[in-house]
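# pasting a predicted model and its sequence here:
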Amino acid sequence: MIKQKFAVLCAIIFLLTGCGEEQKEPFLPQEEILYGEWQGEDYYILSQSTESGICQIDCYDKNLLPKTTVQAESWGELADHIPQGWMIWDLYENTWFSKQGKIEKSENMGARVSRTPNGEILAYTLPDKTGFVVLRKGQEKQYQMEFVTDLVCIDDSTVWINRFDKANQNTSVFVNLETGEIISEKKGAYTVERCGNTAVLRPSIVLGTGEESAWLFDPQTQEWTKLDFINSSESSSIRFSCNGNYAVVANTEQAQIICYETKNGSEITSFPMEEGYDLYQNSKVHTVSYNGKAVLIEESGIIRRMER
């Protein structure tokens, strides 16, 4: 009975907030904001309650205006709303979910799991860090590679892998998912995320190993582009608009949130950084609109939209 009442309540919430015309302020997320990411011209923020386990997916348009929000008691119930290619770690069930449903974890599956943007390939690390597995249409292919600690599928044929060797050296390695061939690599401690069909490498906030520059890597052309229009204090937080034309960074030295035009590296606007701004959290959440005029940020557990 409780679940039925909850389902009705969620349906009402969806209808009220999903109309788009009435909702002006950003949606209130659950206590734990997992991350935000573009899917085409829509921006999604995923969150989960640390108390009740309620899961929530909020959708914003290319102007970063709220469109729809949905809630359920588990990510499995929200599978149809999960963007294709996304992986979500459920805080309560301790397992992964995607649009294809729950990922049944095997003894051979390590801690890092990722899907290609088209959802057809599942890749995961081995528990002993001696390689990774590519699962396509029920067929597994295992590749040997030492010191594998992390992976993210960048496009439908390329996976980013982080290796942490005995000399305490991190290396970003890009590998062809079909052949297992290494197509490029770069030494340094970076985190990675998709930006269209390219990879954005940012110096790791957690490891803090002194890397100064952020990079773009195009798996198709194998070209590296140094993002030299931002300084070292900004590079770990850079995130892009849906079209890649604009970037937003956090400059903690100036207490400013700054937007750049990526084509020429010019600063177009800035916003004051309030006390509740968390650099690590916003490295997973903040973003800039398609025209560079608005940003979404997280402050003290709420989502805030600012526009020039």
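All right, it came through fine.

# centroid-nearest residue for this protein?
Here the mean C-alpha position of the chain is nearest to the C-alpha of residue 37 (C-alpha atoms, centre = their mean), at a distance of 5.1 Å.

# so how far is residue 152 from that residue?
According to C-beta to C-beta, to the nearest Å, residue 37 and residue 152 sit 12 Å apart. Placement of C-beta: from N, CA and C, glycine included.

# ditto for residue 247
Taking C-beta to C-beta, one finds residue 247 at 19 Å from residue 152.

# show me what the helix or strand harbouring residue 184 is packed against.
Element membership for residue 184, per DSSP states H and E: strand 182-187. On a contact count with 3 or more C-beta pairs under 8 Å, 6 or more residues apart in numbering; DSSP states H and E, strand 182-187 meets strand 170-176, strand 215-218.

# that older thread, looking at residue 247 and residue 152, which has the bigger crowd around it?
Neighbour tally, residue 247 and residue 152, criterion other C-beta atoms under 10 Å: the higher count belongs to residue 247, 27 against 20.

# returning to what we had before: turn the helices and strands packed on strand 182-187 into CSV, columns for distance to residue 292, mean pLDDT and mean neighbour count.
Putting the helices and strands packed on strand 182-187 into CSV (distance: least, C-beta to C-beta, whole Å; pLDDT from 0 to 100; neighbours: other C-beta atoms under 10 Å) gives the following:
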stretch, distance to residue 292, mean pLDDT, mean neighbour count
strand 170-176, 28, 96, 19
strand 215-218, 18, 95, 20
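
# least confident secondary structure element in this protein?
Every helix and strand of the chain was ranked by mean pLDDT, DSSP states H and E. The lowest is helix 2-17, at a mean of 46.

# return the set of buried residues in the next helix or strand after that one.
Next in sequence after helix 2-17, counting helices and strands by DSSP H and E, comes strand 32-39. By 16 or more other C-beta atoms under 10 Å, the buried positions in strand 32-39 come out as 33, 34, 36, 37, 38, 39.

# tell me how far residue 27 lies from residue 59.
Computed as C-beta to C-beta, the residue 27 to residue 59 distance reads 9 Å.

# what do the two both touch?
Residues touching both residue 27 and residue 59 (C-beta atoms under 8 Å, 6 or more residues apart in numbering) are 66, 69.

# which one of the buried residues of strand 32-39 is nearest residue 102?
residue 34 (16.4 Å; C-beta to C-beta).

# quick one: contacts for the closest one?
So residue 34 contacts 46, 47, 48, 88, 89, 284 (C-beta under 8 Å, 6+ apart).

# swap in 7 Å and give it another go.
46, 47, 48, 88 (C-beta atoms under 7 Å, 6 or more residues apart in numbering).

# among the residues you listed, which two are most distant?
Distance extremes for those: the farthest pair is 47 and 88 at 10.5 Å, using C-beta to C-beta.

# more crowded one of these two?
Using other C-beta under 10 Å as the criterion, residue 47 and residue 88 rank with residue 47 on top: 25 against 22.

# was I right about that one contacting residue 29?
Yes - proximity of residue 47 to residue 29 meets the contact threshold set by C-beta atoms under 7 Å, at 3.8 Å.

# shared neighbours, these two?
Common neighbours of residue 47 and residue 29 (C-beta under 7 Å, 6+ apart) are residue 56.

# quick check, pLDDT for the residue nearest to the centre of the chain.
Residue 37 carries a pLDDT score of 95 in this model.

# beta partners of it?
residue 44 (DSSP bridges).

# where's it relative to residue 109, distance?
Residue 37 is 23 Å from residue 109, where distance means C-beta to C-beta.

# ok, residue 75 next?
Here the criterion is C-beta to C-beta. By it, residue 75 lies 18 Å from residue 109.

# for residue 271, same thing?
42 Å.

# all strands of the stretch 151-300 of the chain, in order?
158-164, 170-176, 182-187, 190-195, 198-203, 215-218, 223-226, 239-240, 246-251, 256-261, 266-272, 287-288, 294-299 (DSSP state E, counting those that start in this stretch).

# actually the stretch 1-150 of the chain, not the one I wrote
Using DSSP E, counting those that start in this stretch, strands in the stretch 1-150 of the chain cover 32-39, 42-48, 55-60, 66-72, 88-90, 95-98, 101-103, 113-115, 121-125, 131-136, 139-144, 148-155.

# what sits against residue 134?
Counting by C-beta under 7 Å, 6+ apart, residue 134 touches 121, 123, 141, 177.
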